[in-house]
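A.B. asks: need a 3D model of the sequence below.
(chains A and B)
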Amino acid sequence: MFGKLLVANRGEIAVRIIRAAKELDLRTVAVFSDADKDSFAVRFADEAVRIGPAPASKSYLNIDAIIAAARQTGAGAIHPGYGFLAENPLFAEAVADAGLVFVGPTPETIRSMGDKAAAREAARAAGVPIMPGSQGKIADLAHALAIARHMGYPVMLKASAGGGGRGIRVAADEAGLAHHFHVARTEAAAAFGSGELYLERFLSRVRHIEVQVLGDGNRVVHCFERECSLQRRRQKVWEEAPSPAIDATTRQALCADAVRLAERVRYRGAGTVEFLYDDNTREFFFMEMNTRIQVEHPVTEMVTGVDLVRATIMIAQGQPLALRQADVEMHGAAIEVRINAEDPEKDFRPSPGRVAALALPAGPGVRVDTMLYPGYVVPPYYDSLLAKIIVHAETRDLALARLRRALEEFEIDGVVTNVLLHKRLAQLSEVRAAQFDTGFLERLLAA
Amino acid sequence: MAQHQVLSPLPGIFYRRPAPEQPPYKQDGDRVAEGDVIGLIEVMKQFTEVHADASGKIVRFLVDNEAPVEPEQPLLLIETS
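C.D. replies: Got it, this is the predicted structure:
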């Protein structure tokens, strides 16, 4: 048992974790770079420790500095949030070696799911449908061409060490595969430290549907699915639960598969099993597993009433999962939109700066997760996520109406945001009819 | 000798190399032509190329690799004649 939790992150997720920890009567420690010394997390935590200069490589990615901060403050556990060190097995190991509790899965789980070819094999072994493709890694170009000839084009070359939409190239034919193969290998080696590639069939019109799981190392429950098909550059901008595209039978199969994979790796903590779903064939395929809390976790919290972040901390405290599968019910519909500091009128150019005025939406069924306050300076060094506006209502139509109302209430001066894009999406007939796939938003923006 | 300062167009982190294991775009003493890429600035995880806005010889870089920069901050000095 630990009485003090260090949050090894920044921005809205640091605030979210501190909130959960305070509700569990834990003492909290924020860590910060020079760029974040005036952040809300720093003000809100019981203690705060500087861990380095602004660049993340010297602060939020600095394992030694973070562990030193935990030692200095007597924190007994470290919550990594998402991004930064959350899926770095070396960090999880270093935390354990320092005699501290890592709020998340074991280093072995992080490592096996982080290797995307190994994760694919784990899914296959658990009987979870995977996209037709290579069994494990590709030896050379001849091997890749042989597999592609067998399964048909187009194909997707993926970096084993990639993930989160990075390290992917699509080849339409043999010439394209030959062209992309060497570049992809070099790129993967440079970006991820490993040139290992694997191959999958490429489906052009698919939905992104993911299942939230919670495990205590022995038992796993799911908290149903989220649909995150509205993406730009493979980054999600709008997420909802439940998926408007699947029926009860598909939902049951999808969630059961996610639980089976998580059980197989004796999953501990909150995790997400991501799938691609084909409307035409009603098939779904395993894509990857994220071994951390997700940005879009609030939509699940809204429809199930399960506090996922609190659950991650309680599991790390060694408590067995209190939830039984039958206890987890889904009510109504929830939508989250990501408010980013980027200008949709100028090709989504980043817009850091000082927040002059701020009005956050409120009222029934509205939740805002943010680190913003009037006068806050949005630093240029980190990602552009400023706030998540989450709405919940009895039906998807009512949730959409509530979202339009909430976006109308939202006002911010000093930084440019993508709120106009969300206002447009919330009105759009295709979005209201849930007729979209992972390429929809980019086609809309290009039109 | 006329000297020209190339200013940072954005706030962010300045990189002198296209990738960590690759050599710098330009070194002190190199010739540079208007439009040449002299570095990258990372703003909120997006990378923008910085181009020289004058031709000549690089006297020296005024900012280290991976250093935070502010808009209008001088990045390097070019001897233009």
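A.B. asks: report the separation between A:Leu6 and A:Asp36.
C.D. replies: Here the criterion is C-beta to C-beta, to the nearest Å. By it, A:Leu6 lies 15 Å from A:Asp36. The way it works is simple: take the backbone N, C-alpha and C, and place the C-beta from them, glycine included.
A.B. asks: same drill for the two, tell me which one is more crowded.
C.D. replies: Between A:Leu6 and A:Asp36, counting by other C-beta atoms under 10 Å in any protein chain shown, A:Leu6 is the more crowded of the two (33 against 26).
A.B. asks: that one belongs to a strand, doesn't it?
C.D. replies: Yes - judged by DSSP: H, G, I helix; E, B strand; the rest coil, A:Leu6 forms part of a strand.
A.B. asks: how many neighbours does A:Arg349 have?
C.D. replies: Using other C-beta under 10 Å, A:Arg349 has 17 neighbouring residues.
A.B. asks: return the per-residue confidence for it.
C.D. replies: At A:Arg349, the model reports a pLDDT of 88.
A.B. asks: hang on, it packs against A:Glu342?
C.D. replies: Yes - here A:Arg349 lies in contact with A:Glu342, judged by C-beta atoms under 8 Å, at a distance of 6.4 Å.
A.B. asks: give me every residue that touches the residue nearest to A:Pro244 when sequence neighbours are not counted.
C.D. replies: Closest residue to A:Pro244 apart from its sequence neighbours, by C-beta to C-beta, 6 or more residues apart in numbering or on different chains: A:Ala434 at 3.6 Å. Residues near A:Ala434 by C-beta atoms under 8 Å, 6 or more residues apart in numbering or on different chains: A:244-245, A:396.
A.B. asks: turn those into CSV, columns for secondary structure and neighbour count.
C.D. replies: Converted to CSV, the contacts of A:Ala434 look like this (DSSP: H, G, I helix; E, B strand; the rest coil; neighbours: other C-beta atoms under 10 Å in any protein chain shown):
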residue, secondary structure, neighbour count
A:Pro244, coil, 17
A:Ala245, coil, 18
A:Arg396, helix, 18
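A.B. asks: including pLDDT, could those residues go into TSV?
C.D. replies: As requested, the contacts of A:Ala434 are exported to TSV (pLDDT from 0 to 100):
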residue	pLDDT
A:Pro244	98
A:Ala245	97
A:Arg396	98
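A.B. asks: turn those into JSON lines, including distance to A:Val31.
C.D. replies: As requested, the contacts of A:Ala434 are exported to JSON lines (distance: C-beta to C-beta, whole Å):
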{"residue": "A:Pro244", "distance to A:Val31": "39"}
{"residue": "A:Ala245", "distance to A:Val31": "40"}
{"residue": "A:Arg396", "distance to A:Val31": "39"}
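A.B. asks: list just the nearest of those to A:Asn88.
C.D. replies: Using C-beta to C-beta, A:Ala245 comes nearest to A:Asn88 of those, at 33.5 Å.
A.B. asks: the closest one and chain B: what is the separation?
C.D. replies: Applying C-beta to the nearest C-beta, to the nearest Å, the value for A:Ala245 to chain B is 30 Å.
A.B. asks: pLDDT score for A:Arg166?
C.D. replies: As predicted, A:Arg166 sits at a pLDDT of 69.
A.B. asks: check A:Asp413 too.
C.D. replies: 97.
A.B. asks: I'd say it and A:Ala357 touch.
C.D. replies: Yes - when contacts are counted by C-beta under 8 Å, A:Asp413 is listed as touching A:Ala357 (4.1 Å).
A.B. asks: so which of those two has more stuff around it?
C.D. replies: Taking other C-beta under 10 Å, A:Asp413 and A:Ala357 do not tie; A:Asp413 has more neighbours (13 against 10).
A.B. asks: so residue 48: helix, strand or coil?
C.D. replies: In the absence of a named chain, chain A is used. Judged by three-state DSSP, the three-state class of A:Ala48 is strand.
A.B. asks: right idea, wrong chain: chain B
C.D. replies: Assigned with three-state DSSP, B:Thr48 falls in the strand class.
A.B. asks: now the residue nearest the centre of chain A: closest residue in space, sequence neighbours ignored.
C.D. replies: The geometric centre of chain A, computed from its C-alpha atoms, lies nearest to A:Gln294 (C-alpha atoms, centre = their mean), at 3.5 Å. Nearest residue to A:Gln294, sequence neighbours excluded (C-beta to C-beta, 6+ apart): A:Thr272, at 5.2 Å.
A.B. asks: number of residues surrounding that neighbour?
C.D. replies: Using other C-beta under 10 Å, A:Thr272 has 23 neighbouring residues.
A.B. asks: would you mind measuring from it to A:Gly215?
C.D. replies: A:Thr272 is 12 Å from A:Gly215, by C-beta to C-beta.
A.B. asks: can you check A:Glu47 too?
C.D. replies: Taking C-beta to C-beta, one finds A:Glu47 at 30 Å from A:Gly215.
A.B. asks: so for those two, which sits in the more crowded spot?
C.D. replies: A:Gly215 (23 against 17).
A.B. asks: give the contact list for the closest residue to chain B within the stretch 201-350 of chain A.
C.D. replies: For the stretch 201-350 of chain A and chain B, the shortest gap (C-beta to the nearest C-beta) falls at A:Pro350, measuring 3.8 Å. Contact analysis of A:Pro350 by C-beta under 8 Å, 6+ apart lists A:341-342, A:380, A:384, B:43-44, B:46.
A.B. asks: save the residues you listed as a markdown table, and put in neighbour count, pLDDT and distance to A:Ala65 too.
C.D. replies: What follows is the contacts of A:Pro350, written out as a markdown table (neighbours: other C-beta atoms under 10 Å in any protein chain shown; pLDDT from 0 to 100; distance: C-beta to C-beta, whole Å):
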| residue | neighbour count | pLDDT | distance to A:Ala65 |
| --- | --- | --- | --- |
| A:Ala341 | 26 | 96 | 26 |
| A:Glu342 | 24 | 94 | 29 |
| A:Pro380 | 27 | 93 | 21 |
| A:Ser384 | 24 | 95 | 24 |
| B:Val43 | 23 | 90 | 24 |
| B:Met44 | 23 | 89 | 22 |
| B:Gln46 | 18 | 83 | 26 |
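A.B. asks: can you put those residues in CSV and add secondary structure and distance to A:Asp64?
C.D. replies: Shown next, in CSV, are these (DSSP: H, G, I helix; E, B strand; the rest coil; distance: C-beta to C-beta, whole Å):
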residue, secondary structure, distance to A:Asp64
A:Ala341, coil, 30
A:Glu342, strand, 33
A:Pro380, coil, 25
A:Ser384, coil, 28
B:Val43, strand, 27
B:Met44, coil, 26
B:Gln46, strand, 29
